[in-house]
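Engineer: this one's structure only:
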């Protein structure tokens, strides 16, 4: 919910400078964030709405997932004067696609917020030889000392003003629950590098394949 509220805040800040077609498009993205927040609340209050069958069999390409993530974070990047570079490879993942989108968006938003104006964030995906998915997010921020890095992902610990540390902990839980790996490398003066590995998709049938947006709407 904090990520969604952050999107709203950034979009509103941008709209103060312009009243145009572009502003209306941004307003639409702001409203999308509000709707996602409401959907998340509904899911918390009535988790039985999301069926286990949907969570286990949904398939989406890495490219589709990244495209949805970029749509969510691009206003934050522009507001922070951070350039976003994206490169996607082949393959995809099976599982709760909406949850995976939220996880990757959290990582990218953290990278954007850690990057000073004029910096850049790089998002990339590629498929391993075993058809596993490898996603990386790298920023050109100030990096973290090892004493801080060791505590990243601990609930209620954050190196950012106003942060709670809960988002990173949830990302790790989402990835590891799917049999994947999540790691963070950082060094003062060298930025931060986040790596996510997810096992090969269990199905790629046309019947089970749908975009992240449609899976979120179904949720």
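Structural biologist: Looks like it arrived, so ask away. Worth saying up front: this structure is predicted, and the values here are computed from it rather than measured.
Engineer: Just give me how far stretch 68-76 sits from the chain centre.
Structural biologist: 9 Å (Cα atoms, centre = their mean, to the nearest Å).
Engineer: Please point out which parts of that stretch sit buried.
Structural biologist: For stretch 68-76, the neighbour count (16 or more other Cβ atoms under 10 Å) marks 68, 69, 70, 72, 73, 74, 75, 76 as buried. C-betas here are computed from N, CA, C, even on glycine.
Engineer: could you dump those to a markdown table with pLDDT?
Structural biologist: As requested, the buried residues of stretch 68-76 are exported to a markdown table (pLDDT from 0 to 100):
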| residue | pLDDT |
| --- | --- |
| 68 | 94 |
| 69 | 95 |
| 70 | 95 |
| 72 | 89 |
| 73 | 93 |
| 74 | 92 |
| 75 | 89 |
| 76 | 91 |
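Engineer: Next secondary structure after the helix or strand bottoming out on mean pLDDT in the chain?
Structural biologist: Least confident helix or strand, the chain: helix 52-57 with a mean of 48, by mean pLDDT, DSSP states H and E. Downstream of helix 52-57, the next assigned helix or strand under DSSP states H and E is strand 59-61.
Engineer: tell me what that next one is packed against?
Structural biologist: strand 92-94, helix 97-114 (3 or more Cβ pairs under 8 Å, 6 or more residues apart in numbering; DSSP states H and E).
Engineer: Among those, show me which one is buried the most.
Structural biologist: Between the helices and strands packed on strand 59-61, helix 97-114 has the highest mean count of neighbours, a mean of 24, where neighbours are mean count of other Cβ atoms under 10 Å.
Engineer: Only the buried residues of the next helix or strand after that helix, if you could.
Structural biologist: Sequence order places strand 120-127 as the next helix or strand after helix 97-114, per DSSP H and E. Neighbour-count burial for strand 120-127 flags 120, 121, 122, 123, 124, 125, 127 (criterion: 16+ other Cβ under 10 Å).
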